[in-house]
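> for reference, the sequence and a predicted model appear below.
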Amino acid sequence: MRDELEILLYGDAGLRRKSEPVDTFDDPLRELADAMTRAMIRENGIGLAAPQVGVARRMLVAQPGGSHGIKVYTLVNPEFTFLSRERDSFHEGCLSLPDILADVDRPVRLTVRYQDLDGNEQELEDDGLLARIIQHEADHLEGILFVDHISMLRRKLLAKKLRALSKLARGN
Ligand SMILES: [Zn+2]
């Protein structure tokens, strides 16, 4: 049984690394997925990517809630095979950037191919909150954070909060 996972904060170099594909589908991977799910629920999040807990591997969990119920989606090695040209804006937050919210523009609809925890190929389509979460979490696998998508002006307004978070991350 893994200890409770700590979530890296903005400013931690681990959030800027590009994650490696998962090639072994074993018990440690399943335990990591379980621990990530527990951490996401504990922090009242709706998504979490492995690099946010210091593991540079291409895996994410998502829990859109609402009409999707409490189903947790676990996507290993996700690849987008379709992203709609139609985009919309949505207020995003991130467990690695607590207390920061910003409108982010992203494609509305997507198809994503991924592997489940047994290594089986899967595919899902969505045009709602799940699609939004998956795009946000897949960015983490590239070392991209949602604040990278917002305007310079908006980021300047957030600069003070971001600096305070970086200080916290370094203090850990
Ligand atoms: Zn995030």
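Looks like it arrived, so ask away.

> start and end of stretch 103-114, how far apart?
Start-to-end span of stretch 103-114 (C-alpha to C-alpha, to the nearest Å) is 27 Å.

> quick check, pLDDT for Arg155.
Here, the pLDDT recorded for Arg155 equals 86.

> for the nearest residue to it once chain neighbours are set aside, grab the count of nearby residues.
Nearest-residue entry for Arg155: Val147, 6.1 Å, with adjacent residues in sequence omitted and distances by C-beta to C-beta, 6 or more residues apart in numbering. In short, each C-beta sits where N, CA and C put it, glycine included. Other residues near Val147 come to 18 when the count uses other C-beta atoms under 10 Å.

> show me where this protein has its helices.
Here the chain has its helices, by DSSP state H, at 27-42, 129-141, 152-171.

> quick check, Gln52 in contact with Tyr10.
No - the criterion here is C-beta atoms under 8 Å, and Gln52 misses it with Tyr10 at 10.4 Å.

> who has more neighbours out of the two?
Using other C-beta under 10 Å as the criterion, Gln52 and Tyr10 rank with Gln52 on top: 27 against 21.

> next up, the contacts around the more buried one.
Contacts for Gln52 were tallied using C-beta atoms under 8 Å, 6 or more residues apart in numbering; they are 7-8, 15, 95-96, 140.

> looking at those residues, spot the one nearest Leu162.
Within the contacts of Gln52, the smallest distance to Leu162 is 11.2 Å, found for Ser96 (C-beta to C-beta).

> quick one: pLDDT of the residue nearest to Arg155?
The model's pLDDT for Val147 equals 94.

> just Ala159 next, same as before
At Ala159, pLDDT is 89.

> residues in contact with the closest residue in space to Ser166 that isn't next to it in sequence?
With sequence-adjacent residues excluded and distances taken as C-beta to C-beta, 6+ apart, Ser166 is closest to Gly11, at 3.0 Å. By C-beta under 8 Å, 6+ apart, the contact list for Gly11 reads 162, 165-170.

> rerun that using 6 Å as the cut-off
Listed by C-beta atoms under 6 Å, 6 or more residues apart in numbering, the contact set of Gly11 reads 165-166, 169.
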